[in-house]
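Asks: sequence below, structure please.
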Amino acid sequence: MGIEEPSNSDLRHALNHLHDPDCLRCSPLARHLGLEPGDDLADALRTVLEEAVSAFRPAASSAVDSKSWRHYQILYGCYVERVTQQVVADRLGITPRHLRREQREALDALGGYLRLRYDLTSEHQGSPGLSPRVLQEEVELNREMHWLADSLQDRSCAVGPVLREAMELATGLARQRSVSLSLSGHESIPPVAIPSTVLQQATLNLITAAIRNLPAGGRLRLFVQTEEERVAILVTATESAGRAWSHLEALDTAVAMSSRLLELFDGELELARVDDILVAKVVVPAVDQRVTVFAVEDNVDTLDLWRRYVQGTPFSLVAETNPERAIDRALGLRPALIVLDVMMPGIDGWELLRAMREHPALAATPIVVCTVLPQRDLALSLGASDFVQKPTTGRAFRAALERQNVAAARQR
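Replies: The predicted structure is shown next:
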């Protein structure tokens, strides 16, 4: 018989106080894990949690931008290393909002690992829990979801063709059920940052579930609209007889699967009922039209200056102050441009420039060397695309970025 199952709130509380011995000694998580009371209880619990986080570290051959790597870096950075969410988000090249969503996923995954590792059940009163079989199925589903997110290379698509294909696939089922379909508002919609296969399947789940639960004569409509930097797809199903919607529960499985697919790519799903109309709202981020500039510079004052230089321009600057992490960050971020200082502690900037140029994934990325050294010819001979000498003006800095952005666009 297993030990009773801890809640995610117990796990989160213990991780947030991982370096507070007094708090760890009082943590319910220690009892759930079967740790013996004593003077070393806090050390024992800390060791268990740090080893659990370490278990999430993928093999060295794993892609640095994979879901597993992000979960490990989030757990390690937020709880073991104890840096701020903003620092972790900057390391990963994502927004703090996106980080919070992935942090919840990482905590869920860590809780699932602990339940499997310590054979925890939920026999205490008030916790429904999961059986080992169901939990294992959930772990396998999460693994498949993460594999899907990591394996799909094309992360953007045009909305119109995807929705037209989904409607076409559902036409036969709609005809069998005498349900009418219509699509509007999809013209002139910007591309969205989600693979076409994921958007199509998430939308198709909702369309087919709605068709199955509509009576003959029902109407199903898709309407697309833009909302700031997002695109919203509204699926509305209306019963022809004007009755209140009575089959909402039947959509639970389709809604849950669509929601999980969308969340992998920072999308959302909202469901509402208004009289006899069911509204499913799919919200996905539009493709960021800004040009990502990855700046490797150890001086934070210089980085702040560069950020001011690109305000109000198409360029978005993502910084890395540790040059030893520069290549891994660049591989995960895949920036349009790189700005590189060569006078940095702990590493030879010229060697870093050469290493970037020799890496297959970065060989074609424009690199602008920005340094106090008057070494333009050396920089260009080692593979730099452009050179700006410090101290630089905003006009000169922006001009170098614009030159390389135009040149890269011509080559694409």
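Asks: going forward, measure contacts between C-alpha atoms and count neighbours the same way
Replies: Fine.
Asks: could you pull out the helices for the stretch 301-412 of the chain?
Replies: Ranges of helices within the stretch 301-412 of the chain are 326-333, 349-358, 376-381, 394-411, based on DSSP state H, counting those that start in this stretch.
Asks: can you pull the buried residues of the shortest one?
Replies: Meaning helix 376-381. Buried residues in helix 376-381, defined by neighbour count with 16 or more other C-alpha atoms under 10 Å: 376, 379.
Asks: mind checking which helix or strand of the chain has the lowest mean pLDDT?
Replies: Taking mean pLDDT, DSSP states H and E as the measure, helix 132-151 is the helix or strand of the chain with the lowest mean score, a mean of 57.
Asks: as a markdown table, the helices of the stretch 301-412 of the chain with distance to Ala254 and mean pLDDT would be great.
Replies: Converted to a markdown table, those look like this (distance: least, C-alpha to C-alpha, whole Å; pLDDT from 0 to 100):
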| stretch | distance to Ala254 | mean pLDDT |
| --- | --- | --- |
| helix 326-333 | 32 | 85 |
| helix 349-358 | 45 | 90 |
| helix 376-381 | 55 | 92 |
| helix 394-411 | 41 | 85 |
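Asks: for Phe387, find the nearest of those.
Replies: Nearest to Phe387, of all these, is helix 376-381, at 5.8 Å by C-alpha to C-alpha.
Asks: so what does the closest one touch, helix or strand wise?
Replies: strand 386-389 (3 or more C-alpha pairs under 8 Å, 6 or more residues apart in numbering; DSSP states H and E).
Asks: in terms of secondary structure, what does the strand it packs on contact?
Replies: Here strand 386-389 touches strand 367-371, helix 376-381, helix 394-411, going by 3+ C-alpha pairs under 8 Å, 6+ apart.
Asks: so how far is that strand from its chain's centroid?
Replies: Centroid separation between strand 386-389 and its chain, computed with C-alpha atoms, centre = their mean, to the nearest Å, is 34 Å.
Asks: count the neighbours of Ser385 for me.
Replies: If you count neighbours by other C-alpha atoms under 10 Å, Ser385 ends up with 20.
Asks: so where's the stretch 101-250 of the chain shaky on pLDDT?
Replies: The model of the stretch 101-250 of the chain has pLDDT under 70 over residues 116-155, 239-250.
Asks: ranges for the strands of it?
Replies: Secondary structure of the stretch 101-250 of the chain (DSSP state E, counting those that start in this stretch): strands located at 180-184, 219-227, 230-238.
Asks: need those strands in TSV with mean neighbour count, can you?
Replies: Output for the strands of the stretch 101-250 of the chain, formatted as TSV (neighbours: other C-alpha atoms under 10 Å):
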stretch	mean neighbour count
strand 180-184	15
strand 219-227	19
strand 230-238	22
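Asks: out of the ones you listed, flag the one nearest Leu29.
Replies: strand 230-238 (39.7 Å).
Asks: dump the residue contacts of Leu24.
Replies: Residues near Leu24 by C-alpha atoms under 8 Å, 6 or more residues apart in numbering: 14, 17-18, 30, 41-42, 45-46.
Asks: low-confidence ranges, the stretch 251-400 of the chain, go.
Replies: Scanning the stretch 251-400 of the chain for pLDDT under 70 picks out the ranges 251-252, 274-276, 288-289.
Asks: closest one to Arg91 among the strands of the stretch 101-250 of the chain?
Replies: Shortest distance between Arg91 and these, using C-alpha to C-alpha, is found for strand 230-238: 23.8 Å.
Asks: strand partners of the closest one, parallel vs antiparallel please.
Replies: Here strand 230-238 is paired, per DSSP bridges, with strand 219-227 (antiparallel), strand 277-285 (antiparallel).
Asks: distance to Ser9 added to those, as JSON lines?
Replies: Shown next, in JSON lines, are these (distance: least, C-alpha to C-alpha, whole Å):
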{"stretch": "strand 219-227", "distance to Ser9": "34"}
{"stretch": "strand 277-285", "distance to Ser9": "28"}
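Asks: nearest to Ala361, out of the ones you listed?
Replies: Ranking the strands paired with strand 230-238 by proximity to Ala361 (C-alpha to C-alpha) places strand 277-285 first, at 25.6 Å.
Asks: which residues sit in contact with Ser259?
Replies: Ser259 makes contacts with 202, 267-269, as judged by C-alpha under 8 Å, 6+ apart.
Asks: and Met167, by the same measure?
Replies: Met167 sits in contact with 181, 204, 207, where contact means C-alpha under 8 Å, 6+ apart.
Asks: quick one: these as a markdown table, columns for distance to Asp348 too.
Replies: Listed next are the contacts of Met167 as a markdown table, based on distance: C-alpha to C-alpha, whole Å:
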| residue | distance to Asp348 |
| --- | --- |
| Leu181 | 62 |
| Leu204 | 53 |
| Ile207 | 57 |
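Asks: which one of the residues you listed is nearest Leu362?
Replies: Nearest member of these to Leu362, counting by C-alpha to C-alpha, is Leu204, at 37.3 Å.
Asks: closest to Thr95 out of the contacts of Ser259?
Replies: Nearest to Thr95 among those is Gly267, at 13.6 Å by C-alpha to C-alpha.
Asks: just checking, the closest one touches Lys281?
Replies: No: between Gly267 and Lys281 there is no contact under C-alpha atoms under 8 Å: 10.6 Å.
Asks: buried deepest among the helices of the stretch 301-412 of the chain, which one?
Replies: Mean neighbour count (mean count of other C-alpha atoms under 10 Å) peaks for helix 326-333 among the helices of the stretch 301-412 of the chain, with a mean of 19.
Asks: export that helix as PDB, just CAs?
Replies: The C-alpha trace of helix 326-333 is given here as PDB (Å, rounded to 0.1, in the frame of the first residue of the first chain):
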ATOM      1  CA  ALA A 326      25.800  32.200 -25.500                       C
ATOM      2  CA  ILE A 327      25.800  29.300 -27.900                       C
ATOM      3  CA  ASP A 328      23.100  27.300 -26.100                       C
ATOM      4  CA  ARG A 329      20.900  30.400 -25.700                       C
ATOM      5  CA  ALA A 330      21.400  31.200 -29.400                       C
ATOM      6  CA  LEU A 331      20.400  27.700 -30.400                       C
ATOM      7  CA  GLY A 332      17.300  27.800 -28.400                       C
ATOM      8  CA  LEU A 333      16.300  31.400 -29.400                       C
END
